[in-house]
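# Any chance you can model this:
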Amino acid sequence: MIKEKEPSLPFWIDLPQNIPGWEHFVGAWLIPGPPTIVVDVGPKASVGILIDKLLQMGVTRVDYVLLTHIHIDHAGGLGPFLIQFPHAQAVVPAKGLNHLVEPSRLWEGSLKTLGDKAIAYGPIDPAPADRLVVHDAFSLSDLTILETPGHAPFHLSFAYKDFLFCGESAGVFASFGDQIYLRPPTPPRFFFETTVESVEKMLPLSDRSIFFGHTGSYSSSHTILRLYRDQLQRWREIISALMREDPEDLVSRALSVLLEKDPLLACFREMDSRSQERERYFMTNSIAGFAGYLENLS
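Got it, this is the predicted structure:
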């Protein structure tokens, strides 16, 4: 009997950023071919690192880039990457294509939202339009593309073979031995129902390994997706209760309570101080997203 060839495992390629605490936070996934696939490319500031690491691994041809969303830390380096790998096609969210071809508004929005961090990520070069394929016009054997908005209005998740690349549609993940850290990436403008619907769109897939947009993977997508769905509900209940008590200084109070009461944030205490600073920054934005959503309900 001929043994069926095992699918090539995805490899995480770390892309250190010149921001304290961001040294091991941004990266890309490589799926060895054929076809050779890269999921997200990171910002322009580190695209040279990505290219060098791929070449060191013997990757001289990339067939496809699967872009989960167009935020600067996932897509900012796409233009230079496609120049280096002239055979690659980039599969991108249909509604985000124009922002990649003409990225001035995307860059302005990044500066407004991230400030100095956007500058550290580097400006966004235009991506060649003839190398971009909108997600709803693309097909590949063993690939299912799901629209999973929430973290970003144009967000895709890719189920490829036995893998699920969720970008940030299932939270931001880190592993601490037998324990996990998971937090919502829900900056303004945040829509709770849309985010939960995206999670529930992924749950009917068969259970498989799940690969996150910011470091790490986990063996059971079903476990993570259910934990994340529960976490979203927990944050909504806690932040809503705090708003009813007293809307003043909501973000700092909510941050304190969530760090105490959300079990999926317990590993925050295991992080180094710079990583904690990074996570506080993002949790503050996520709480603001929940607060804005809840205010619009009232």
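# which stretches of the stretch 1-150 of the chain form helices?
For the stretch 1-150 of the chain, helices defined by DSSP state H, counting those that start in this stretch occupy the ranges 47-56, 72-75, 78-84, 97-101, 104-114, 116-121.
# Those into JSON lines, with extra columns for mean pLDDT, distance to residue 164 and mean neighbour count?
In this view, the C-beta of every residue, glycine as well, is placed from N, C-alpha and C. JSON lines is the format used below for those (pLDDT from 0 to 100; distance: least, CB to CB, whole Å; neighbours: other CB atoms under 10 Å):
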{"stretch": "helix 47-56", "mean pLDDT": "97", "distance to residue 164": "22", "mean neighbour count": "17"}
{"stretch": "helix 72-75", "mean pLDDT": "96", "distance to residue 164": "16", "mean neighbour count": "26"}
{"stretch": "helix 78-84", "mean pLDDT": "97", "distance to residue 164": "22", "mean neighbour count": "21"}
{"stretch": "helix 97-101", "mean pLDDT": "96", "distance to residue 164": "23", "mean neighbour count": "19"}
{"stretch": "helix 104-114", "mean pLDDT": "92", "distance to residue 164": "26", "mean neighbour count": "15"}
{"stretch": "helix 116-121", "mean pLDDT": "95", "distance to residue 164": "26", "mean neighbour count": "17"}
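# what does the least confident helix or strand in the chain by mean pLDDT rub up against?
For the chain, using mean pLDDT, DSSP states H and E, the weakest element among its helices and strands is helix 104-114, scoring a mean of 92. The contact list for helix 104-114, computed with CB atoms under 8 Å, 6 or more residues apart in numbering, reads 70, 71, 72, 76, 99, 100, 118, 119, 121, 123, 124, 187.
# where along the chain do the strands fall?
Assigned by DSSP state E, the chain shows strands spanning 11-14, 27-31, 37-39, 64-66, 89-92, 132-134, 143-147, 156-160, 163-167, 172-176, 179-183, 209-212, 217-218.
# which regions of this protein sit below the pLDDT cut-off?
1-8 (pLDDT under 70).
# Please report how far residue 226 lies from residue 166.
According to CB to CB, to the nearest Å, residue 226 and residue 166 sit 13 Å apart.
# Of those two, which one has the most company?
A direct count of neighbours by other CB atoms under 10 Å for residue 226 and residue 166 places residue 166 higher, at 30 against 13.
# Which residue is the nearest non-sequential neighbour of that one?
Leaving out its chain neighbours, the residue that sits closest to residue 166 by CB to CB, 6 or more residues apart in numbering is residue 157, at 4.9 Å.
# Run a quick check on the one you found versus residue 163, I expect a contact.
No: applying CB atoms under 8 Å, one finds residue 157 not in contact with residue 163, separated by 10.7 Å.
# So which of these two has more stuff around it?
The neighbour comparison of residue 157 against residue 163 (other CB under 10 Å) goes to residue 157, with 28 against 21.
# Does that one have any beta-bridge partners, and if so which?
Beta bridges link residue 157 to residue 146, judged by DSSP bridges.
# What is the burial count for residue 102?
So residue 102, with other CB under 10 Å, has 12 neighbours.
# I'd like to know how many residues surround residue 161.
Neighbour number of residue 161 under other CB under 10 Å is 14.
# Give me the buried stretch members for stretch 56-72, please.
Buried residues in stretch 56-72, counting neighbours by 16 or more other CB atoms under 10 Å, are found at 59, 62, 63, 64, 65, 66, 67, 68, 69, 70, 71, 72.
# Next, the contact list for the second one, please.
Going back to what we said before, that points to residue 62. Per CB under 8 Å, 6+ apart, neighbours of residue 62: 36, 37, 38, 54, 85, 87, 88.
# same deal with the fifth one?
Taking CB under 8 Å, 6+ apart as the contact definition, residue 65 lies against 37, 38, 39, 40, 41, 78, 81, 82, 88, 89, 90, 91.
# before we move on, the earlier item: so can I have CSV of the helices of the stretch 1-150 of the chain showing distance to residue 29?
Putting the helices of the stretch 1-150 of the chain into CSV (distance: least, CB to CB, whole Å) gives the following:
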stretch, distance to residue 29
helix 47-56, 11
helix 72-75, 11
helix 78-84, 14
helix 97-101, 19
helix 104-114, 22
helix 116-121, 19
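# Figure out which of those helices is closest to residue 193.
helix 104-114 (22.9 Å; CB to CB).
# For residue 51, give its distance to residue 35.
Taking CB to CB, one finds residue 51 at 18 Å from residue 35.
# let me redo that: residue 292
Applying CB to CB, the value for residue 292 to residue 35 is 41 Å.
# Equivalent analysis for residue 222, please.
Plainly put, residue 222 is 27 Å away from residue 35 if you go by CB to CB.
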